[in-house]
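Novice: Any chance you can model this:
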Amino acid sequence: MGRLFGTDGVRGLANGELLTPELALSVAVAAARVLVESDRSHQPLAIVGRDPRASGEMLEAAVVAGLASAGANVVRVGVLPTPAVAYLTGQAQADLGVMLSASHNPMPDNGIKLFAPGGLKLPDEIEERIEAAIADGHGLVGRPTGAGVGRVHDLLDGAEHYTKHLVDATPHSLEGIKVVVDCANGAASDVAPAAYQQAGAEVIAIHAEPDGLNINDNCGSTHMESLIETVIREGADLGLAHDGDADRCLAVTATGDLVDGDQIMAILALALRDAGALTDDTLVATVMSNLGLRLAMKDAGIRLIETKVGDRYVLEELNAGKYALGGEQSGHIVMPAHATTGDGVLTGLHLMATMASSGKSLADLAAVVHKLPQVLINVNVADREAGAQAPTVQAAVALAEAELGETGRVLLRPSGTEPLVRVMVEAATEEQARAVAERVADEVRTASPA
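Specialist: Got it, this is the predicted structure:
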């Protein structure tokens with residue numbers, strides 16, 4: 001068996017070749033066994049939640065059965081956002097949190113994401129032990145019987161607890177703000193409108209009627225056309241878009257212009273700095289963030305630390321430096337004072353609180369970042385490392401960087417899962433960015449033909 005856990009848990013086509021109920025049961029049994037072996041002082045407790053996609057019902061049954069059969073007590077929290085499951089895992093002092101979701105992926109996909117005690121990302125070492133237990137069958141033998149079998153309970157007011165936490169974490173009343181929220185027919189369809197309303201905003205919710213089949217279907221953070229249309233038609237101050245499990249948030253201005261994760265991070269970083277809450281005046285982002293964010297933060301006297309792509313790397317850096325804010329261009333924003341993972345609803349609350357406290361429109365706040373045109377070309381290669389590290393490719397990159405100077409940059413990134421080298425170029429104009437990207441991509445193709 002190859003590596004099972006990716007940067008965000010196990011993900012694939014539900015009931016397909018990989019993500020079967022049998023695998024879900026095996027992961028659950030192995031995770032519970034590893035927990036028992038790590039601490040035999042008490043019977044483990046696990047929190048299990050899911051997004052509303054239809055396959056979640058099937059996978060939830062398998063996970064719950066697996067955990068209980070291995071001796072863990074289980075609390076089902078039902079359909080809730082990923083950050084809510086992380087929060088409740090911490091609040092319940094549980095040994096494990098399990099979220100069944102494929103985030104922004106289409107409905108047929110699903111995933112298994114595990115949280116450690118405190119709602120933290122599961123350490124690599126524990127993931128490796130779980131994978132090893134699955135591979136050698138150790139997780140499927142020696143189960144308890146009688147009173148040793150885990151018990152299963154339902155938490156009926158998990159959404160209320162989580163919503164209260166969100167509203168309590170909002171630094172300013174949202175009174176006077178009219179927002180349209182696209183819930184992606186996902187896990188935040190109830191929580192997001194409720195939290196925004198309780199914090200004082202006038203809320204218009206769209207795509208908030210999940211039926212198990214319509215999650216992310218031409219809606220949410222990957223399809224924002226209907227959100228833009230509704231914001232303009234309703235005369236709202238802004239629009240917010242979440243994905244299927246609501247761990248991300250993107251926005252649009254009153255006139256329908258997109259505000260991405262880079263701009264949201266800049267707005268929140270400045271607000272936290274002004275409040276004296278931006279630890280070491282530092283923001284954490286990935287290498288894929290637009291150069292415009294880096295330049296804006298430099299002008300503001302805020303240090304920007306860049307990590308590899310993936311929210312787990314942002315979280316590692318945040319935890320290592322005890323920083324207050326980090327995230328990704330895609331809208332995964334992490335505020336460790338209030339959440340252990342990316343939280344789209346929390347992000348939306350803080351974004352609107354900044355608007356309300358400053359009296360500025362979202363467009364005015366977002367203008368702090370002048371986004372440079374960004375062109376990304378995926379090059380099919382026979383050898384990812386050879387395609388990226390060839391002397392001719394490196395020479396082309398050096399020449400491009402000299403041409404762009406401080407007004408642009410080149411990023412070569414071998415894909416972690418596909419035979420691709422990703423060539424990303426930012427420049428003063430889209431024409432220049434595309435021309436430079438094509439030149440570098442041609443050298444990659446020549447160095448390692450597919």
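Novice: which residues does the spatially most central residue of the chain contact?
Specialist: Most central in the chain under CA atoms, centre = their mean is residue 332, positioned 4.3 Å from the mean C-alpha point. Neighbour list for residue 332: 247, 248, 261, 311, 314, 342 [criterion: CB atoms under 8 Å, 6 or more residues apart in numbering]. Every C-beta, even on glycine, is put in place using the N, C-alpha and C of the backbone.
Novice: Apply 10 Å and report the result again.
Specialist: Shown in contact with residue 332 (CB atoms under 10 Å, 6 or more residues apart in numbering): 8, 103, 243, 247-249, 261, 286, 310-311, 314-315, 326, 341-344, 347.
Novice: Distance of the nearest residue to it once chain neighbours are set aside relative to residue 290?
Specialist: Excluding the flanking residues, the one nearest residue 332 by CB to CB, 6 or more residues apart in numbering is residue 342, at 3.7 Å. Using CB to CB, to the nearest Å, residue 342 is found at 18 Å from residue 290.
Novice: quick one: which of the two has more around it?
Specialist: Comparing residue 342 with residue 290 by other CB atoms under 10 Å, the one with more neighbours is residue 342, at 32 against 23.
Novice: so that one sits right up against residue 221, yeah?
Specialist: No - with contacts counted by CB atoms under 10 Å, residue 342 stays clear of residue 221, the gap being 11.7 Å.
Novice: any residues in contact with both of those two?
Specialist: Taking CB under 10 Å, 6+ apart as the contact rule, residue 342 and residue 221 both touch 103, 243, 246, 248, 249, 261, 330, 331.
Novice: Mind telling me what element residue 159 is part of?
Specialist: Element membership for residue 159 (DSSP states H and E) is helix 158-168.
Novice: contacts for that helix?
Specialist: Residues outside helix 158-168 that contact it (CB under 10 Å, 6+ apart) are 47, 49, 75-81, 83-88, 91-92, 155, 157, 174, 187-188, 190-192, 194-200, 338-339, 343, 345-346, 348-350.
Novice: Tell me how many other residues crowd residue 47.
Specialist: Neighbour number of residue 47 under other CB under 10 Å is 28.
Novice: that's a helix at it, yeah?
Specialist: No - counting by DSSP: H, G, I helix; E, B strand; the rest coil, residue 47 is not part of a helix but strand.
Novice: Looking at strand pairing, list the partners for it.
Specialist: Residue 47 has these beta-bridge partners by DSSP bridges: residue 75, residue 97.
Novice: OK, contacts around it?
Specialist: By CB under 10 Å, 6+ apart, the contact list for residue 47 reads 74-77, 80, 84-92, 94-99, 115, 119, 155, 158.
Novice: Please spell out the ChimeraX selection for the buried subset of these.
Specialist: Buried members of those, defined by 16 or more other CB atoms under 10 Å, are picked up in ChimeraX with:
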select :74,75,76,77,80,84,85,86,87,88,89,90,92,94,95,96,97,98,99,115,119,155,158
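Novice: Out of the contacts of residue 47, list just those in helices.
Specialist: If you go by DSSP state H, the contacts of residue 47 have 84, 85, 86, 87, 88, 89, 90, 91, 158 in helices.
Novice: Can you convert the residues you listed into JSON lines and add a column each for pLDDT?
Specialist: Listed next are the ones in helices among the contacts of residue 47 as JSON lines, based on pLDDT from 0 to 100:
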{"residue": "84", "pLDDT": "98"}
{"residue": "85", "pLDDT": "98"}
{"residue": "86", "pLDDT": "97"}
{"residue": "87", "pLDDT": "98"}
{"residue": "88", "pLDDT": "98"}
{"residue": "89", "pLDDT": "97"}
{"residue": "90", "pLDDT": "97"}
{"residue": "91", "pLDDT": "97"}
{"residue": "158", "pLDDT": "97"}
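Novice: any idea which helix or strand comes after the helix holding residue 159?
Specialist: Under the assignment DSSP H and E, the closest C-terminal helix or strand after helix 158-168 is strand 178-182.
Novice: Quickly run through the sheet partners of that following strand, with directions.
Specialist: Applying DSSP bridges, one finds strand 178-182 paired with strand 202-206 (parallel), strand 238-242 (parallel).
Novice: Among those, which comes closest to residue 55?
Specialist: Closest approach to residue 55 among these (CB to CB): strand 238-242, 19.9 Å.
Novice: Please state the mean pLDDT value computed over that closest one.
Specialist: Here strand 238-242 scores 98 as its mean pLDDT.
Novice: One more: stretch 380-393?
Specialist: The average pLDDT for stretch 380-393 rounds to 90.
Novice: Alpha carbons of that stretch, in CSV - could you do that?
Specialist: The C-alpha coordinates for stretch 380-393 follow below in CSV (Å, rounded to 0.1, in the frame of the first residue of the first chain):
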residue,chain,number,x,y,z
ASN,A,380,3.7,17.1,-18.2
VAL,A,381,7.1,15.5,-17.6
ALA,A,382,8.7,12.0,-17.4
ASP,A,383,10.7,13.0,-14.3
ARG,A,384,9.5,15.8,-12.1
GLU,A,385,12.8,16.4,-10.4
ALA,A,386,14.8,16.3,-13.7
GLY,A,387,12.3,18.7,-15.3
ALA,A,388,12.7,21.2,-12.5
GLN,A,389,16.4,20.9,-11.7
ALA,A,390,17.9,20.6,-15.1
PRO,A,391,20.7,23.2,-15.7
THR,A,392,19.0,24.6,-18.8
VAL,A,393,15.8,25.0,-16.8
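Novice: Same question for that stretch: list its buried residues.
Specialist: Applying 16+ other CB under 10 Å to stretch 380-393 flags 381, 383, 384, 387, 388, 390, 393 as buried.
Novice: residues making contact with that stretch?
Specialist: Against stretch 380-393 from outside (CB under 10 Å, 6+ apart): 379, 394, 396-397, 412-416, 418-423, 440-450.
Novice: Sort out for me which of those residues are in strands.
Specialist: Among these, the members found in strands (DSSP state E) are 379, 412, 413, 414, 420, 421, 422, 423.
Novice: Show me the beta-bridge partners of the fourth one.
Specialist: Going back to what we said before, that points to residue 414. residue 421.
Novice: OK, contacts around it?
Specialist: Contacts for residue 414 (CB under 10 Å, 6+ apart) come out as 381, 383, 384, 385, 386, 387, 388, 389, 420, 421, 422, 444.
Novice: can you rerun that using 7 Å?
Specialist: 384, 385, 388, 421 (CB atoms under 7 Å, 6 or more residues apart in numbering).
Novice: For residue 276, see how far away it is.
Specialist: 41 Å.
Novice: Please apply the same query to the first one.
Specialist: As for residue 379, its distance to residue 276 is 46 Å (criterion: CB to CB).
Novice: one step back: can you tell me which of the contacts of residue 332 are classed as buried?
Specialist: Those of these that meet the buried threshold are 8, 103, 243, 247-249, 261, 286, 310-311, 314-315, 326, 341-344, 347, by 16+ other CB under 10 Å.
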